[in-house]
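Peer 1: Can you look at this prediction? I've put the sequence above it.
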Amino acid sequence: MSKLPRSTILLPVFVPAAIIMLLLVIGTAINPEAAGALFSDVLSFTTETFGWFYMLAVALFLMFIIVLAFSSYGSIKLGPDHAEAEYGFLEWFAMLFSAGYGIALLFYGVAEPVMHFSSPPMSDPQTIAAAKEAMQIAYFHWGFHIWAIYGVVGLSLAYFAFRHGLPLSIRSTLYPIIGDRIHGPIGHTVDVFAILGTMFGIATSLGLSVSQINAGLNYLLPDIIPVNTTVQVIAIALVTSAALVSVLAGMDKGVKRLSILNMLLATALMLFVFVVGPTIFILNAFMENTGSYLGNIVERTFSLQAYENSDWIGSWTLFIFAWTIAWAPFVGLFIA
């Protein structure tokens, strides 16, 4: 009689993470208002107290990635010397795009410039200056910086897992610091925090996506589909089920095909807007917005609005960067 394969679940990581997540879900379900107020207070405290650290960390991530890419270290293969790429560039790009941006770009790609145009942090609302500032901010929030965050995690995991044979988990990135202790309690704790960070990242993404789905369906079918929690919970269940089926089908049959479909739909949407919309204006604006983004990238990277009495930076830049850092263990693992 053949033995069943041993479970790959690491109990010292799974059990604490599952208990903490269960307690968070139960606590939030029992008193959503109190939980919302608590999360809001924690967010405010974190952004006000450690906002400078977040901005500095992201700046260092970006500088590290740029230096690494253009130095001799950039040619190191993230795996054995004889290894070949498992996926083509377009397949790989589609999967990275879907994992790294996903619903965030579809939601904020439209919402953020419109909101900054209506209520800009520095300019007068609904002016040409506000339009330029809105696009510059949107480029900054979804440009090089978030990919630098993902890149640092992805490179670290890939290097230590495929080049040095360590476990494909966040703990392996600490091997140069703590050595073989990554296999003990310290390593377990690191992975627990990585799981919790991923949970908060998924919660944010799902919250944004189902709100958008609910609003869109209500706009199309106002007499049939209302905007309420019930519809959003159903949407979460459907999205989660589709993601689960995709994951269980494997990388080739599930994730890759779904990512390619997602990329094709995103490209079709972009081409539709480009062709039907004011094409020449889009091209001119794209060039001007790109120049504005690159010309002001250093100032925005280190800007914390220290001389303005405003919580805008905490509600936008710090929120997006913190969300990206929370999401980085998952996306970095996926990249690796």
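Peer 2: Thanks, I have the structure now. Remember, it's a predicted structure, so these values are computed and weren't measured experimentally.
Peer 1: In stretch 20-32, which residues are buried?
Peer 2: By 16 or more other CB atoms under 10 Å, the buried positions in stretch 20-32 come out as Leu24. In this view, the C-beta of every residue, glycine as well, is placed from N, C-alpha and C.
Peer 1: typo on my end, it should be stretch 96-108
Peer 2: 96, 98-104, 106, 108.
Peer 1: Give me the three-state assignment for Pro80.
Peer 2: What DSSP: H, G, I helix; E, B strand; the rest coil gives for Pro80 is coil.
Peer 1: So it sits against His164, correct?
Peer 2: No - judged on CB atoms under 8 Å, Pro80 makes no contact with His164 at a distance of 10.5 Å.
Peer 1: and the next element down the chain from the lengthiest helix in the chain?
Peer 2: In the chain, with assignment by DSSP state H, the single longest helix is helix 32-70. Once the chain leaves helix 32-70, the next helix or strand it forms, by DSSP states H and E, is helix 89-100.
Peer 1: where are the low-confidence patches of this protein?
Peer 2: Scanning the chain for pLDDT under 70 picks out the ranges 1-7, 103.
Peer 1: All the helices of the stretch 101-250 of the chain, residue numbers only.
Peer 2: For the stretch 101-250 of the chain, helices defined by DSSP state H, counting those that start in this stretch occupy the ranges 103-118, 128-141, 144-158, 175-178, 185-220, 229-248, 250.
Peer 1: Mind checking these for the one nearest to Met55?
Peer 2: helix 144-158 (9.6 Å; CB to CB).
Peer 1: Hey, what's the angle from that closest one to helix 89-100? Just curious.
Peer 2: Interaxial angle of helix 144-158 relative to helix 89-100 (axes from the mean of the first three to the mean of the last three CA atoms, to 10 degrees): 110 degrees.
Peer 1: Helix 128-141 and helix 144-158, what's the angle between them?
Peer 2: Here helix 144-158 runs at an angle of 0 degrees relative to helix 128-141 (the same axes, to 10 degrees).
Peer 1: what packs against helix 144-158?
Peer 2: Counting contacts by 3 or more CB pairs under 8 Å, 6 or more residues apart in numbering; DSSP states H and E, helix 144-158 packs against helix 32-70, helix 89-100, helix 317-335.
Peer 1: follow-up on the earlier one: could the helices of the stretch 101-250 of the chain go into a markdown table alongside distance to Ile76?
Peer 2: Formatted as a markdown table, those follow (distance: least, CB to CB, whole Å):
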| stretch | distance to Ile76 |
| --- | --- |
| helix 103-118 | 30 |
| helix 128-141 | 30 |
| helix 144-158 | 10 |
| helix 175-178 | 15 |
| helix 185-220 | 24 |
| helix 229-248 | 30 |
| helix 250 | 29 |
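Peer 1: so which of those helices comes closest to Leu318?
Peer 2: Among the helices of the stretch 101-250 of the chain, helix 128-141 comes nearest to Leu318, with 10.6 Å by CB to CB.
Peer 1: Backbone dihedrals for Thr127, please?
Peer 2: Dihedral pair for Thr127: phi -120, psi 170, per degrees, to the nearest 10.
Peer 1: Kindly tell me how buried it is, as a neighbour count.
Peer 2: Neighbours of Thr127 under the rule other CB atoms under 10 Å: 12.
Peer 1: do Asn296 as well
Peer 2: Per other CB under 10 Å, the neighbour tally for Asn296 reads 16.
Peer 1: which ones are touching Leu283?
Peer 2: Residues near Leu283 by CB atoms under 8 Å, 6 or more residues apart in numbering: none.
Peer 1: The chain should start at 56 in everything you say after this.
Peer 2: Renumbered: residue one is now 56, and that last one reads Leu338.
Peer 1: list the buried ones in the strand or helix carrying it?
Peer 2: Remark: Leu338 resides in helix 334-350, with elements defined by DSSP H and E. Of the residues in helix 334-350, 344, 347-348 count as buried by neighbour count, 16+ other CB under 10 Å.
Peer 1: what inclination does it have with respect to helix 199-213?
Peer 2: 70 degrees.
Peer 1: residues making contact with the helix or strand following helix 334-350?
Peer 2: Once the chain leaves helix 334-350, the next helix or strand it forms, by DSSP H and E, is helix 352-356. For helix 352-356, the external contacting residues (CB under 8 Å, 6+ apart) are 110, 113-114, 117, 191-192, 195, 198-200, 372.
Peer 1: Sweet, I'm off.
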